[in-house]
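J.: Below are the sequence and a predicted model; questions follow.
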Amino acid sequence: MNYDSPREIVETLQREGIGPKKRWGQNFLIDGNVRRAIVGLAERAGHERLWEIGPGIGSLTDLLLHSGPVTVFEIDWGIIRFLQRRFADQPLRIVAGDAVETIARAADEAAAAADVVVGNLPYRSASAIVAALLDLSPPPRRMVITVQKEMAGRMLAPPGSRNYSAFSVAVQAVCSVARRFDITPACFYPAPEVVSTVLTLTRRPDRLIPADRKLFVRVKDALFAGRRKTVLNNLKQRRDLGIHDADSAVQLLGSCGIDPATRAEQLPPEAFIRLADQIYRLQQSSLG
């Protein structure tokens, strides 16, 4: 199949009756230069495990297989059947189902997560997929992902900026994020209504590992619950975190070197980890 021919790709989709389905946010890459650029960013070593999220009809998969076996995650059974036929004689493993629900299970079954992940992520579930990848232990060494430009802005946003969010903290605590290039709607079929951005996420050698990741997520989300509120006002009623009043919140924040009058968007990822770990220690001491 000629993946550099938009006409052939569209004819294949129509002939197979496999897309696109709006509920899954399917937009198939039809630009050869773009797909070669994306695969070039993967920088996979020969021994490394590689996953692809949302392979579509295999325009990236076809190139990724040149460097070794590939595991793909796909929810659409029509596409799965097509990929099984198209790559029947190649080292392709297909994980069927929602990637958000299958990523952790696939890592457990293989006794190892991916070293490298490549994905043209569906817009509706992109943040949940990234979160699932970050939750792996260890997370992938490198991820090359295509997301909506607006979402890319949140992942790249530094502390103190308008786009800095709880999601920014979750990503930047684990990875260094770099913008590589934008993709215009004309490079996809059907053309989406937004511009896409290709990012690389490289696991930080000094990545921040909380004592309890689920607690870290709860603390991070609590601090961003009211963006216009100070961290003190967002924490002082969080009895589920062991904080009963403003005084206990002030004491807790002070022990972590956090000004109670600060807002969450002004704090670097390290501050969220310090706070979550201190709450964890207090919880463990109360149990002892």
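T.: Good, I have the coordinates. Numbering: from 1, shown residues only.

J.: now the strands for the stretch 1-150 of the chain?
T.: If DSSP state E, counting those that start in this stretch is used as the criterion, the strands of the stretch 1-150 of the chain fall at 28-29, 50-53, 70-74, 92-96, 116-120, 142-148.

J.: again, but for the stretch 151-288 of the chain
T.: Taking DSSP E, counting those that start in this stretch as the criterion, the stretch 151-288 of the chain carries its strands at 175-183, 188-189, 196-203.

J.: Point out the other helices and strands that the longest helix seen in the chain packs with.
T.: In the chain, assigned by DSSP state H, the helix with the most residues is helix 269-287. Using 3 or more CB pairs under 8 Å, 6 or more residues apart in numbering; DSSP states H and E as the contact definition, the elements that helix 269-287 packs against are helix 166-172, helix 213-223, helix 246-255. Where C-beta positions appear, they are placed from N, C-alpha and C, glycine not excepted.

J.: picking that back up, output the strands of the stretch 151-288 of the chain in JSON lines, with mean neighbour count, distance to residue 37 and mean pLDDT appended to each entry.
T.: Listed next are those as JSON lines, based on neighbours: other CB atoms under 10 Å; distance: least, CB to CB, whole Å; pLDDT from 0 to 100:
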{"stretch": "strand 175-183", "mean neighbour count": "16", "distance to residue 37": "7", "mean pLDDT": "98"}
{"stretch": "strand 188-189", "mean neighbour count": "21", "distance to residue 37": "15", "mean pLDDT": "88"}
{"stretch": "strand 196-203", "mean neighbour count": "20", "distance to residue 37": "8", "mean pLDDT": "98"}
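
J.: Looking at these, spot the one closest to residue 123.
T.: Using CB to CB as the measure, strand 196-203 is the one of the strands of the stretch 151-288 of the chain that comes nearest residue 123, at 8.6 Å.

J.: Contacts for that closest one, please.
T.: Outside strand 196-203, the residues within contact range by CB atoms under 8 Å, 6 or more residues apart in numbering are 37-38, 41, 130, 138-149, 151-152, 155-156, 171, 174-183, 185, 188.

J.: what do you get for stretch 219-237?
T.: Around stretch 219-237, the neighbours that count as contacts under CB under 8 Å, 6+ apart are 165-166, 169-170, 238, 241, 243, 245-246, 248-250, 252-253, 258, 260-265, 267, 272, 275-276, 279.

J.: quick one: that stretch to chain centroid distance?
T.: In terms of CA atoms, centre = their mean, to the nearest Å, the gap separating the centre of stretch 219-237 from the centre of its chain is 24 Å.

J.: Residue 211: neighbouring residues, count only.
T.: As a burial measure, residue 211 scores 15 neighbours (other CB atoms under 10 Å).

J.: same question, the one 5 residues further on
T.: In terms of burial, residue 216 registers 24 neighbours under the definition other CB under 10 Å.

J.: Please tell me how far it sits from residue 104.
T.: 17 Å (CB to CB, to the nearest Å).

J.: Next: residue 172.
T.: If you go by CB to CB, the gap between residue 172 and residue 104 works out to 22 Å.

J.: okay, the two: which has more neighbours?
T.: Set residue 172 next to residue 104 and count neighbours by other CB under 10 Å: residue 172 wins out with 23 against 15.

J.: looking at the strands of the stretch 1-150 of the chain, which has the lowest confidence?
T.: Ranked by mean pLDDT, the strands of the stretch 1-150 of the chain bottom out at strand 28-29, which scores a mean of 88.

J.: Sheet partners, orientation included, of that one?
T.: Strands flanking strand 28-29 in the sheet, each with its direction: strand 188-189 (antiparallel) (DSSP bridges).

J.: tell me how far the partner strand is from the chain's mean position?
T.: Counting by CA atoms, centre = their mean, strand 188-189 is centred 22 Å from the centre of its parent chain.

J.: which other residues reach it?
T.: Looking at what lies outside strand 188-189 - CB under 8 Å, 6+ apart - the contacts are 6, 9, 10, 13, 20, 27, 28, 29, 30, 31, 196.

J.: got a list of what the residue most central in space within the chain touches?
T.: With the centre of the chain defined as its mean C-alpha position, the nearest residue by CA atoms, centre = their mean is residue 130, 1.4 Å away. Listed by CB under 8 Å, 6+ apart, the contact set of residue 130 reads 121, 143, 145, 155, 171, 201.
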